[in-house]
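Visitor: Pasted the sequence and its predicted model underneath.
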Amino acid sequence: MTKTVAILNGPNLNLLGTREPEIYGSETLSDIQQLCAQKADALGLSVVFKQSNIEGELVTWIQEAKDNAVGIIINAAAYTHTSVAILDALNTCDCRIIEVHLSNIHQRESFRHKSYVSRAADGMICGLGSIGYTLALDAIAARLTRGD
Ligand code: DQA
């Protein structure tokens, strides 16, 4: 059976392409979804790719991934910096967790420097745009192969 990675995206990421392109680039979320599908295919993984503006929906999807996925790639967007609920949900998961941000959050406003998600993530990739998502898939595949 193909191993599934859940790729979860938080608020306002549905607006990628037109949202502050000088920060987030011109690719749309659907472009990123396509990149992830291609990369997952090459790695022999399948992906579930979702976006929500609603915190509780992201919590529910993390709970689902806990039972069905070998890894979670999460860009919780603004909830990264505020959501104890998302952190608590991630803390229930045994699978690999990689946090991704399109922008380099450490070069930006100080309120973006704190990440609740980082407390639960195995690793974090930021500042590389959509490449961060495919690198995160590579990382999960490599860790699966190595058994860690
Ligand atoms: C973001 C960074 C967050 O600070 C911001 O709220 C976002 C997107 C990123 O991908 O760079 O919505 O997660």
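Guide: Great, that's in hand.
Visitor: Run through the residues of this structure sitting next to the ligand.
Guide: 12, 75, 77-78, 80, 101-103, 105, 112 (Cβ under 6 Å from any ligand atom). Yep, even glycine has a C-beta here, placed from its N, CA and C like the rest.
Visitor: how about the residues you listed, which pair is most distant?
Guide: Checking the residues of the chain next to the ligand against each other with Cβ to Cβ, the farthest-apart pair comes out as Asn12 and Ile105, at 14.4 Å.
Visitor: Of the two, give the one with the bigger neighbour count.
Guide: Ile105 (20 against 14; other Cβ atoms under 10 Å).
Visitor: Torsion angles phi and psi at that one?
Guide: Dihedral angles phi and psi of Ile105 (degrees, to the nearest 10) take the values phi -60, psi -20.
Visitor: Same question for His113.
Guide: Torsion angles, degrees, to the nearest 10, at His113: phi -80, psi -20.
Visitor: That one: what's it in contact with?
Guide: 105-106 (Cβ atoms under 8 Å, 6 or more residues apart in numbering).
Visitor: tell me the pLDDT at it?
Guide: The model reports His113 with a pLDDT of 98.
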